[in-house]
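Participant: have a look at this prediction, sequence included:
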Amino acid sequence: MSQEKVERYKKEKANRKKIIMQEKRKSIAVKLSISLVSIAAIGWIGYSAYNVIESNKPETVVSVNMDSINDYFAGLSADTAQ
């Protein structure tokens, strides 16, 4: 039994750098995925809140009185017809 432990320890020691690097990669991947999901959720919440706020604002209506321009053009067309 002790020989098995010694062999296991030797294998672990030989692959220790690989094991540590794999654990670091997994840790970085988990942190990155959590960060991306969090950023996406915060962005979605912000965008939704902005749309709600914008939809509740009253719309401004602008009207233009074109009577004087229409009279001017009508006068020009009357002058050219004569």
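Facilitator: Nice, I can see it. Numbering: from 1, shown residues only.
Participant: CA atoms for contacts and neighbours, from now on please.
Facilitator: Noted.
Participant: quick one: which helix or strand includes the most centrally placed residue in the chain?
Facilitator: Taking C-alpha atoms, centre = their mean as the criterion, residue 43 is the residue nearest the geometric centre of the chain, at 5.3 Å. In this structure, residue 43 sits in helix 16-56 according to DSSP states H and E.
Participant: what about that helix, average pLDDT?
Facilitator: Per-residue pLDDT over helix 16-56 has a mean of 95.
Participant: that one: what's the following helix or strand?
Facilitator: Criterion used, DSSP H and E; the element after helix 16-56 is helix 67-81.
Participant: returning to what we had before: what is the helix holding residue 43 packed up against?
Facilitator: Applying 3 or more C-alpha pairs under 8 Å, 6 or more residues apart in numbering; DSSP states H and E, one finds that helix 16-56 contacts no other helix or strand.
Participant: give me that answer again for 10 Å
Facilitator: helix 2-14 (3 or more C-alpha pairs under 10 Å, 6 or more residues apart in numbering; DSSP states H and E).
Participant: mind listing residues that contact the helix it packs on?
Facilitator: 15, 16, 18, 19 (C-alpha atoms under 10 Å, 6 or more residues apart in numbering).
Participant: what's the answer for stretch 16-25, then?
Facilitator: 9, 10, 12, 13, 26, 27, 28, 29, 30, 31.
Participant: burial count for residue 9?
Facilitator: Residue 9 has 13 neighbours, counted by other C-alpha atoms under 10 Å.
Participant: should've said residue 12
Facilitator: Applying other C-alpha under 10 Å, I find that residue 12 has 13 neighbouring residues.
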